[in-house]
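Trainee: fold the following.
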Amino acid sequence: MSKVIVIDHPLVQHKLSILRDRETGTKEFRELVEELAILLAYEVTRDLPLKETTVETPVATARVKTLAGKKLGVVPILRAGLGMVDGITRLLPAAKVGHIGLYRDPATLRPVDYYCKLPSDISERDIIIVDPMLATGGSAVAAINAIKRHGCRNIKLVCLIAAPEGIEAVRKEHDDVDIYLACVDEYLNDHGYIVPGLGDAGDRLFGTK
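Mentor: Have a look, this model is predicted:
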């Protein structure tokens, strides 16, 4: 069964509280999403392999450890997932970035796909899917399905806030995908919004409402 890792670091929780505030404006909201993505990325990349090498310090030769060159990819679920990409790629500049476009039908709450562009060598990469909100889980499941169809098997899902229903949906369909979160909220309301949540992450990121 996949793991659900809730990152309760004080900085994560502090920034998340500001993110939730309805008075937080678009500029600050974007900055906070990027900062939270960076903080979550530390935990997501904890198991990256290392190799030993040597460097010359100003004093002597030192044996050090560097990343072993594992191929990585970051795939945001459009459009809100875009807000997390810069934070993660700041730490992982060699990662390739794909994009999956999905929107939720307001009547059925089911995901509708409209775009998919992934690295040509995605089957050789460990993939990090990013989306600020894990609500019904439909978009996350659809994105994982698309990536697996391209031959990728090592996938992690990174979100800021999740509803229990969304976690259950992902684990039911993809019990090999670990889920990294800043917080698990209470439930989904009748409109498919996470409660207490933070509203529509895409609208708040891009100032469209």
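Trainee: can we go C-alpha only for contacts and neighbour counts from here?
Mentor: Fine.
Trainee: so what touches stretch 129-149?
Mentor: 33, 74-78, 80-82, 84-85, 100, 102-104, 109-111, 155-163, 165-170, 173-174, 188, 192-194, 201 (CA atoms under 8 Å, 6 or more residues apart in numbering).
Trainee: how far is that stretch from where the chain is centred?
Mentor: Stretch 129-149 has its C-alpha centroid displaced from the chain centroid by 10 Å (CA atoms, centre = their mean, to the nearest Å).
Trainee: show me what counts as buried in that stretch.
Mentor: Neighbour-count burial for stretch 129-149, counted by 16 or more other CA atoms under 10 Å, picks out 129-144, 146-147.
Trainee: just the ones in helices from these, please.
Mentor: Gly138, Ser139, Ala140, Val141, Ala142, Ala143, Ile144, Ala146, Ile147 (DSSP state H).
Trainee: which intervals of this protein have sub-threshold pLDDT?
Mentor: Judged against pLDDT under 70, the chain has no low-scoring part.
Trainee: nearest residue to Ile155 other than its sequence neighbours?
Mentor: Sequence neighbours aside, Ile127 is the residue nearest to Ile155 in space, at 4.8 Å (criterion: CA to CA, 6 or more residues apart in numbering).
Trainee: for the protein, what's the longest helix?
Mentor: helix 26-44.
Trainee: ok, whichever helix or strand comes after that one: who's next to it in the sheet?
Mentor: Next along the chain after helix 26-44, taking DSSP states H and E as the criterion, comes strand 50-56. When pairing is defined by DSSP bridges, strand 50-56 lines up against strand 61-67 (antiparallel).
Trainee: other residues contacting the partner strand?
Mentor: Identification of contacts with strand 61-67 by CA under 8 Å, 6+ apart yields Leu48, Pro49, Leu50, Lys51, Glu52, Thr53, Thr54, Val55, Glu56.
Trainee: got phi/psi on the residue lying closest to His150 once chain neighbours are set aside?
Mentor: Setting aside the residues directly before and after it, His150 is nearest to Ser123 in space (CA to CA, 6+ apart), at 6.3 Å. Taking degrees, to the nearest 10, you get phi -70, psi -20 for the backbone angles of Ser123.
Trainee: ok, now which ones touch Ser123?
Mentor: Listed by CA under 8 Å, 6+ apart, the contact partners of Ser123 are His150, Gly151, Cys152, Arg153.
Trainee: the residues you listed in strands, which ones?
Mentor: Counting by DSSP state E, none of the members of the contacts of Ser123 fall within strands.
Trainee: closest to Gln13 out of the residues you listed?
Mentor: Ranked by distance to Gln13 (CA to CA), the contacts of Ser123 are led by Arg153 at 30.8 Å.
Trainee: who are the contact partners of Thr54?
Mentor: Neighbour list for Thr54: Thr61, Ala62, Arg63, Val64 [criterion: CA under 8 Å, 6+ apart].
Trainee: what about the last one, how many neighbours?
Mentor: Right, Val64. Neighbour count for Val64, taken as other CA atoms under 10 Å: 11.
Trainee: with the third one instead?
Mentor: When neighbours are counted by other CA under 10 Å, Arg63 registers 10.
Trainee: how near is it to Thr54?
Mentor: Applying CA to CA, to the nearest Å, one obtains 5 Å for the distance of Arg63 from Thr54.
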